[in-house]
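Chemist: predicted model follows, preceded by the sequence.
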Amino acid sequence: MEIVLIRHGRTASNDAKRYLGRSDEPLSRGGREQAHALFSSGLPPVERVFSSPLKRCLETAAIAYPGQPPVVVPEFVEIDFGRFEGRTHDQLTAEEPAYTAWLASGGTSAIPGGETQTELRARCRTGFLRMTAAAAGMERIAAVVHSGVIMAVLAEFARPPRAFYDCFVQNCQTVLCGWDGEFLTVKGGDLK
């Protein structure tokens, strides 16, 4: 099966470079324009579209694949940024000592009031396996999700293995993967 992983379009927080995890922001005007450009670029047809439950992903899915209501995967919600949510790097550097410690850990330590990278990866692994089981027998599906979800899924399943932060994609970028029931092979898209 082929899987098209798509990061949602931009939001106001993305534009302001604020950490955006569980806050349920809609797409910004620029994000809607990105999603329309993605649709116009000729995305490959899919048999089913899956999505995070958050507005920015559902809106991107509706624009990118009109007429195909997405199946919501609750585990695909973005990482919980806890006390970092809604704040910029500069604000956190000046105001939050725990942020400096989190950066020094390579983003692997606990986020105060949030979740760890390990927890995110385990949650996304469960959601991904549920999604692929629901799509058994299909040739190609799409998942419109968050950057953290794409990084977690690829870090868990990609072969050859990929480091978590090496799997980052920008808003409305895609990664085309092949799924053999055990591993993902990156076949194309915006991932280096």
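Modeler: Received the coordinates, thanks.

Chemist: how close does Thr174 sit to Glu85?
Modeler: In this view, Thr174 and Glu85 are 26 Å apart by Cβ to Cβ, to the nearest Å. All C-beta atoms are positioned from the backbone trio N, CA, C, and that covers glycine.

Chemist: which helix runs longest in this protein?
Modeler: helix 117-134 (DSSP state H).

Chemist: gap between it and the chain center?
Modeler: 12 Å (Cα atoms, centre = their mean, to the nearest Å).

Chemist: neighbour count winner among Thr174 and Glu85?
Modeler: Counted by other Cβ atoms under 10 Å, Thr174 and Glu85 do not tie: Thr174 has more neighbours, with 22 against 19.

Chemist: Arg48 contacts Ala135, correct?
Modeler: Yes: with contact defined as Cβ atoms under 8 Å, Arg48 counts as touching Ala135 (5.8 Å).

Chemist: with neighbour numbers in mind, choose between these two.
Modeler: The residue with more neighbours, out of Arg48 and Ala135, is Ala135; 20 against 17, by other Cβ under 10 Å.

Chemist: okay, the spatially closest residue to the more buried one that is not a sequence neighbour: pLDDT?
Modeler: Among residues not flanking Ala135 along the chain, Ile141 sits closest, at 4.7 Å (Cβ to Cβ, 6 or more residues apart in numbering). Among the per-residue scores, Ile141 holds a pLDDT of 98.

Chemist: hmm, Ile141 is touching Val46, no?
Modeler: Yes: Ile141 is in contact with Val46 according to Cβ under 8 Å; the separation is 5.3 Å.

Chemist: what touches both of those two?
Modeler: Shared between the contact lists of Ile141 and Val46 (criterion: Cβ atoms under 8 Å, 6 or more residues apart in numbering) are residues Val4.

Chemist: can you give me phi and psi for Leu184?
Modeler: Per-residue torsions, Leu184: phi -100, psi 140 (degrees, to the nearest 10).

Chemist: distance of it relative to Val145?
Modeler: According to Cβ to Cβ, Leu184 stands 14 Å off from Val145.

Chemist: circling back: residues in contact with the longest helix of the chain?
Modeler: With contact meaning Cβ under 8 Å, 6+ apart, helix 117-134 is reached by 1, 3, 48, 50, 71, 73-76, 79, 107-108, 115, 141, 143, 148-149, 152-153, 155-157, 164, 179, 181.
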